[in-house]
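Asks: Please work out how this folds:
(one chain, ligands or ions: 1)
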Amino acid sequence: MSRGCPAGDPRVCEARRGARPRGRPRARRRTLKHVRQIVDYALQRRSRLSDVHSGRTAVADVCDANPYLLRAAKFHGRPSSTLCPICRKEQVTLVSWVFGDRLGQVSGSARTAEEIASLDATAEEFTVHVVEVCRTCSWNHLVQSYVAGLPPRSTRRRRRVAE
Ligand SMILES: [Zn+2]
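Replies: From the prediction side, this is the model:
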């Protein structure tokens with residue numbers, strides 16, 4: 001931000017822009033400037049768990065994290081304070097997967113918070129899927145998705161060139 005902030009304090013400007021008018025920003029988003037379209041999957045998670053508790057869904061069907069996901073949790077995951085809803089033996093690990101046409105080979109891979117912050121500052125629009133994983137019982141569920149990265153450049157110019 002070389003242009004500077006009219007209020008002299010970037011935090012004040014963030015607040016004026018309406019990004020997060022109340023309360024402290026969540027720690028894990030502190031470095032992400034372009035987060036948008038946040039979708040929370042708490043409802044789906046609750047319904048999935050209620051299916052398990054009522055016996056409509058087998059535990060084996062929800063505790064099916066594959067080795068790739070478990071490995072990603074081990075090397076790229078970040079700890080959470082949420083106890084595994086199935087085995088209650090450990091706190092679930094959050095794994096963030098990035099997807100985007102412009103990410104090349106990076107698309108479809110798990111990334112650490114630092115890597116996502118760096119992509120957010122340099123890469124064009126991509127989607128992040130946050131999955132919670134229990135490394136004890138292999139429970140896994142999508143908990144949140146959001147869009148990050150630099151907004152796509154105007155397609156108008158591209159179209160004009162094409163015409
Ligand atoms: Zn578990």
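Asks: Just the CA coordinates for the biggest helix by length in the chain, please, in PDB.
Replies: Longest helix in the chain by number of residues, with DSSP state H as the criterion: helix 42-54. This file holds the C-alpha atoms of helix 42-54, laid out as PDB (Å, rounded to 0.1, in the frame of the first residue of the first chain):
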ATOM      1  CA  ALA A  42     -21.800 -25.600  10.100                       C
ATOM      2  CA  LEU A  43     -25.300 -26.600   9.200                       C
ATOM      3  CA  GLN A  44     -24.300 -29.400   6.900                       C
ATOM      4  CA  ARG A  45     -21.800 -30.600   9.500                       C
ATOM      5  CA  ARG A  46     -24.500 -30.700  12.200                       C
ATOM      6  CA  SER A  47     -26.900 -32.600   9.900                       C
ATOM      7  CA  ARG A  48     -24.200 -35.000   9.000                       C
ATOM      8  CA  LEU A  49     -23.400 -35.600  12.700                       C
ATOM      9  CA  SER A  50     -27.100 -36.000  13.600                       C
ATOM     10  CA  ASP A  51     -27.300 -38.700  10.800                       C
ATOM     11  CA  VAL A  52     -24.400 -40.500  12.500                       C
ATOM     12  CA  HIS A  53     -25.900 -40.300  16.000                       C
ATOM     13  CA  SER A  54     -29.300 -41.500  14.800                       C
END
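Asks: Could you list the buried residues of that helix?
Replies: For helix 42-54, a neighbour-count test (16 or more other Cβ atoms under 10 Å) marks 48-49, 52 as buried. Every residue, glycine included, has its C-beta placed from N, CA and C.
Asks: what would those residues look like in TSV with pLDDT?
Replies: Converted to TSV, the buried residues of helix 42-54 look like this (pLDDT from 0 to 100):
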residue	pLDDT
R48	97
L49	97
V52	97
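Asks: Of these, which is the nearest to D120?
Replies: Using Cβ to Cβ, R48 comes nearest to D120 of the buried residues of helix 42-54, at 29.2 Å.
Asks: for stretch 113-131, which positions count as buried?
Replies: Buried residues in stretch 113-131, counted by 16+ other Cβ under 10 Å: 113, 116-117, 119-120, 123, 125-131.
Asks: Cross the residues you listed against helices and list the overlap.
Replies: Per DSSP H, the buried residues of stretch 113-131 map to helices at 113, 116-117, 119-120.
Asks: Turn those residues into CSV, including pLDDT.
Replies: As requested, those are exported to CSV (pLDDT from 0 to 100):
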residue, pLDDT
A113, 92
I116, 95
A117, 95
L119, 95
D120, 95
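Asks: Now tabulate those residues in a markdown table and tack on distance to the ion.
Replies: Below are these laid out as a markdown table (distance: Cβ to the ion, whole Å):
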| residue | distance to the ion |
| --- | --- |
| A113 | 22 |
| I116 | 25 |
| A117 | 28 |
| L119 | 30 |
| D120 | 30 |
